[in-house]
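**Student:** Fold the stuff below for me.
(2 chains)
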Amino acid sequence: MTRRAHASFVRGAPPLLLLLAACGSAGDPTITGDPGSVAVADLGLEVSRLTGTTLVVRAERATFSDLPGRSGGALEHVEVEANIQGDVTAHARADRAELTHDGRILLHQASVTTGRGGMQLTAGSVSLGPDGDISARDVSARLRSR
Amino acid sequence: MMLARGTTRCSGFRLVVLCLVATAFSGPTASAETAVQAVPEGEIEIDARSVEIDNENGQAVFEGDVRLRHGDLVLRCQRLVAEVGDGQRLVTVEATGGVGIEARDVTAIAGSASYDPSAGVLTLRGQPQLRHPSGLLRGRVIVFRIRDARVSVEEAHGVFRLR
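**Tutor:** Predicted structure coming up:
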């Protein structure tokens, strides 16, 4: 049985190193793949900032590469929750996602709900930033008119 | 859809034009079904190539082949800024770049448009033109109150078919 790994990241810290440190502290994560990359099943990952913005990422599977200049990690079956000062600003689900070195999460074929159900978004790709900002491509959004 | 009356906020020639507008648009019209299925009551759907959402300021900017649907209204443009207010509901939208409007048997084009979804008021600017089976209407500003099918025009000029 795979143990859940948790990590709290301060923006600017190298995600891979922190993740690996977190995996080590979790005890016995499942590690597969070629040397130079790891795959961690049942991952719980928390990316936080001192401003109070928090991105909580959960994924069934995550693969991280340590090659310089490449994305920080590839995730499968992902769920993301963005919080600002404890207020949920976005909740997203996606089949696939990438953690980028600039602290963003790029979701593919994603569905996002912003605020407290304010806007429902389906998109080919969604980028969630560490400040809780959202950008998306090929989008269809639904909003309330009253 | 029937467009009932023009405003009285104009005088002389403009008022005459609007009376003609009222007469022309208030006649029986053939029902024209919209090609797309209507969005559920109380919801607005916006499709676009991209969107940037600023949660802090309650603003979403849609760009590229934007299409907004609200009830029978379809609005197309290249850039649309949506303001989200209290209760997470859409308060206003500002559309720019090749704005096109469809609302049942009324179509319109304009350089820009603003839309208040709760009031159902659409304001067209930038050489707006509103077309109906019975005629064509131009003006400096065209305000289309969708729910009661009223049109008001500043500096109006209309061309209508004689029956």
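**Student:** rest of the way, CA atoms for contacts and neighbours
**Tutor:** Will do.
**Student:** Scan the helices and strands of chain A for the one with the lowest mean pLDDT.
**Tutor:** In chain A, no helix or strand scores lower on mean pLDDT, DSSP states H and E than strand A:8-10, which sits at a mean of 30.
**Student:** Then chain B?
**Tutor:** Scanning chain B with mean pLDDT, DSSP H and E, the lowest is helix B:13-25, at a mean of 41.
**Student:** now stretch B:128-143, how far from the centre of its chain.
**Tutor:** 10 Å (C-alpha atoms, centre = their mean, to the nearest Å).
**Student:** ok, now stretch B:100-110?
**Tutor:** 6 Å.
**Student:** Ends of it, what's the gap?
**Tutor:** 7 Å (C-alpha to C-alpha, to the nearest Å).
**Student:** same thing with stretch B:80-95?
**Tutor:** 4 Å.
**Student:** mind showing which ranges of chain A have poor pLDDT?
**Tutor:** Low-confidence regions of chain A, defined by pLDDT under 70, span residues A:1-55, A:62-73, A:84-88, A:101, A:103, A:116-117, A:130-132.
**Student:** which parts of it sit against chain B?
**Tutor:** Those residues of chain A that sit near chain B, judged by C-alpha under 8 Å from any C-alpha of the partner chain, are A:89, A:115-119, A:132-146.
**Student:** Narrow the residues you listed to those in helices?
**Tutor:** Among those, none falls in helices (DSSP state H).
**Student:** From those residues, list the buried ones, please.
**Tutor:** The neighbour-count criterion (16 or more other C-alpha atoms under 10 Å in any protein chain shown) marks A:89, A:115, A:117-119, A:132-145 among the residues of chain A next to chain B as buried.
**Student:** Can you tell me the element A:Asp102 falls in?
**Tutor:** Per DSSP states H and E: A:Asp102 is located in neither a helix nor a strand.
**Student:** picking that back up, just the ones of the residues of chain A next to chain B in strands?
**Tutor:** Applying DSSP state E to the residues of chain A next to chain B, the entries found in strands are A:89, A:119, A:134-144.
**Student:** In a markdown table, list those residues along with distance to B:Val61.
**Tutor:** Compiled in a markdown table, those are given as follows (distance: C-alpha to C-alpha, whole Å):
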| residue | distance to B:Val61 |
| --- | --- |
| A:Thr89 | 17 |
| A:Met119 | 13 |
| A:Ile134 | 11 |
| A:Ser135 | 9 |
| A:Ala136 | 10 |
| A:Arg137 | 12 |
| A:Asp138 | 13 |
| A:Val139 | 12 |
| A:Ser140 | 13 |
| A:Ala141 | 11 |
| A:Arg142 | 14 |
| A:Leu143 | 13 |
| A:Arg144 | 16 |
